[in-house]
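Asker: Predicted coordinates and the sequence they were generated for:
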Amino acid sequence: MDPRVPGWSPSLACRLADAVRPILRGYYRQGLLIHGKSDQSPVTRADRECEAALRSILSREVPDHGIIGEEQGSEKSEADYVWIIDPLDGTRAFVSGKPQFGCLIALAHKGLPIVGVIDMPILEERWVGVLGVGTTLNGAPQRTRHAVELSEALMGCTSLEMFSEPDSKATFEKIRQQVRDCNFGGDCYNYGVLASGFLDIVVETSLKPWDYAALVPIILAAGGAITDWQGQPLSLESKGDVVASSDAALHRKVLPFLQ
């Protein structure tokens, strides 16, 4: 095990996901009142109730650790170990009654994500990635698909809307023209199926730490590559331009189109 990964952390991360699952399942397709946020994305009671539950567990189990969450901000973010939580990734799918939404939980050590969980409450799928250990899906080891040519690669992206700036949209179109196919939607699910060998590339922008932190250990520990568009490792200080590939060789072919 990676020496930066406390032995209890994957277990605690999974217990956090266990706590969120029944909350999200209970609210699913129940006609929740949708509230607006500053970025106009929908927020529901489910978001807030889940994050409150996660913070309660963390404050009790690891009171010296920091927490960064989408809904309630940061506390002790200067600590060596910081949990980054997004209790409901894919809110638009959730309020539309679609099952492809998840809960993202990450543990970072000195700014670098080392443990990640993607939990899909309705689909009952859970990816867990631990640096230096590996990635599993419902307990079964997972590996990315290797030796794929760029022209044969399958790419995923949540939405074209995230490429709102003309430069970023043009950049995305450059790589889109190089691959075999690109499908939209999926949010965090794209990264899970990439770790399991069904997608080859995911390109996104304007992500926040709670959107990408959990993805980093899952992709890396499954044999893939994930960086910013400049090829730099993702940390809590990254800008939010994210590209994940099924292996380092494919990643090297993708990066020039994003720069």
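Answerer: Cool, the structure landed. Numbers count the residues shown, from 1 in each chain.
Asker: what's the longest helix along the chain packed up against?
Answerer: If you go by DSSP state H, the chain has its longest helix at helix 9-27. Here helix 9-27 touches helix 45-61, strand 81-89, strand 102-109, strand 112-120, strand 125-130, going by 3 or more C-beta pairs under 8 Å, 6 or more residues apart in numbering; DSSP states H and E. Just so you know, the C-beta spots here come from the backbone N, C-alpha and C atoms, and that holds for glycine as well.
Asker: which residue sits closest to residue 190, ignoring its sequence neighbours?
Answerer: Leaving aside its chain neighbours, residue 190 sits nearest to residue 156 (3.8 Å; criterion: C-beta to C-beta, 6 or more residues apart in numbering).
Asker: Let me see the contact set for the one you found.
Answerer: Counting by C-beta atoms under 8 Å, 6 or more residues apart in numbering, residue 156 touches 182, 183, 184, 186, 190, 193, 194, 199, 201, 202.
Asker: Please apply the same query to residue 168.
Answerer: 205, 241.
Asker: Average pLDDT for the strand or helix carrying it, rounded please.
Answerer: If you go by DSSP states H and E, residue 168 is part of helix 166-176. Throughout helix 166-176, pLDDT has a mean value of 89.
Asker: give the contact list for residue 108.
Answerer: Residues counted as contacts of residue 108 (C-beta under 8 Å, 6+ apart) are 81, 82, 83, 84, 114, 213, 235, 236.
Asker: Give me the buried subset of the contacts of residue 156.
Answerer: Neighbour counting over those (16 or more other C-beta atoms under 10 Å) leaves 182, 186, 190, 193, 194, 199, 201, 202 as the buried ones.
Asker: give me the low-pLDDT residue ranges for the stretch 51-200 of the chain?
Answerer: Within the stretch 51-200 of the chain, no stretch has pLDDT under 70.
Asker: Correct me if wrong: residue 187 contacts residue 193.
Answerer: No - Residue 187 is beyond contact range of residue 193, at 11.6 Å (criterion: C-beta atoms under 8 Å).
Asker: quick one: stretch 137-147 to chain centroid distance?
Answerer: 16 Å (C-alpha atoms, centre = their mean, to the nearest Å).
Asker: residues making contact with stretch 129-143?
Answerer: Applying C-beta under 8 Å, 6+ apart, the contact partners of stretch 129-143 are 1-2, 4-5, 9-10, 114-117, 124-128, 192, 195-197, 214, 216-223.
Asker: tell me which residues of stretch 229-242 are tucked away?
Answerer: 229, 234, 236, 238, 240, 241, 242.
Asker: The closest residue in space to residue 195 that isn't next to it in sequence: what's it in contact with?
Answerer: Among residues not flanking residue 195 along the chain, residue 222 sits closest, at 4.0 Å (C-beta to C-beta, 6+ apart). Neighbouring residues of residue 222 by C-beta under 8 Å, 6+ apart: 129, 134, 135, 142, 143, 144, 195, 196.
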